[in-house]
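> Any chance you could fold what I've pasted below:
(2 chains)
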Amino acid sequence: NAGVTQTPKFQVLKTGQSMTLQCAQDMNHEYMSWYRQDPGMGLRLIHYSVGAGITDQGEVPNGYNVSRSTTEDFPLRLLSAAPSQTSVYFCASSYSSGSNQPQHFGDGTRLSIL
Amino acid sequence: DQQVKQNSPSLSVQEGRISILNCDYTNSMFDYFLWYKKYPAEGPTFLISISSIKDKNEDGRFTVFLNKSAKHLSLHIVPSQPGDSAVYFCAASARSNTGKLIFGQGTTLQVKP
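Numbering: from 1, shown residues only, chains lettered A, B, ... in the order given. Predicted coordinates:
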């Protein structure tokens, strides 16, 4: 089973460029989310979705867009990359949005903005 | 405003001994707590969880304790093994907040052979 798949694994961008981080899950999970991990700060929620067609903001949404057209896919778009967005990005999914639902994480995308 | 805090960035223990990782929280609305383990270049993996209506949950070598009055939880690993060396994240969620996870900063555990 693939679980949660993130692409690409690594990416270097120049300031001002845009790109899309891909996330796909094959577990028919309703809930999907994006986190960023920065040194000394744990994981912070960027955006999340409780089902196809429904998205909402997390703790640090500025500079990012998401959409959820299918249950399987939840891409994260950087509109105009800034050095402050250099981070490791993780996508996660769970069966539902219940607080007792452990989330399954992908292996991350390491993004550097020059 | 750090709602979930892991105040020890690192911990080193000898193989076979007990590892105790600590976590504090400030939001009394949290009703579920989870521990995740993360190896380098991999995503976090779920380890163990506890509901706010319990004070202890055990799964093999891993036990999580919850002290609601102190807003404190801890993860005990007994006995510790070199393969347990990883970063451990504490996370909390609230039913009233669509189950969004709030993570602590993480504690790096090193188990020495």
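> B:Val64 - how many residues pack around it?
The local packing of B:Val64 (other C-beta atoms under 10 Å in any protein chain shown) involves 24 other residues. Placement of C-beta: from N, CA and C, glycine included.
> In contact with it, which residues?
B:33, B:35, B:48-50, B:56-58, B:73-76 (C-beta atoms under 8 Å, 6 or more residues apart in numbering or on different chains).
> Please write out the alpha-carbon positions of the host helix or strand of it in PDB.
Assigned by DSSP states H and E, B:Val64 belongs to strand B:62-67. Only the C-alpha atoms of strand B:62-67 are listed here, as PDB (Å, rounded to 0.1, in the frame of the first residue of the first chain):
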ATOM      1  CA  PHE B  62       5.200   2.200  25.300                       C
ATOM      2  CA  THR B  63       3.000   3.800  27.900                       C
ATOM      3  CA  VAL B  64       1.500   7.300  27.900                       C
ATOM      4  CA  PHE B  65       0.400   8.900  31.100                       C
ATOM      5  CA  LEU B  66      -2.000  11.900  31.300                       C
ATOM      6  CA  ASN B  67      -2.300  14.300  34.300                       C
END
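> buried stuff in the very next helix or strand once past it?
Once the chain leaves strand B:62-67, the next helix or strand it forms, by DSSP H and E, is strand B:72-77. Of all the residues in strand B:72-77, those buried under the rule 16 or more other C-beta atoms under 10 Å in any protein chain shown are B:73-77.
> Okay then, goodbye and thanks.
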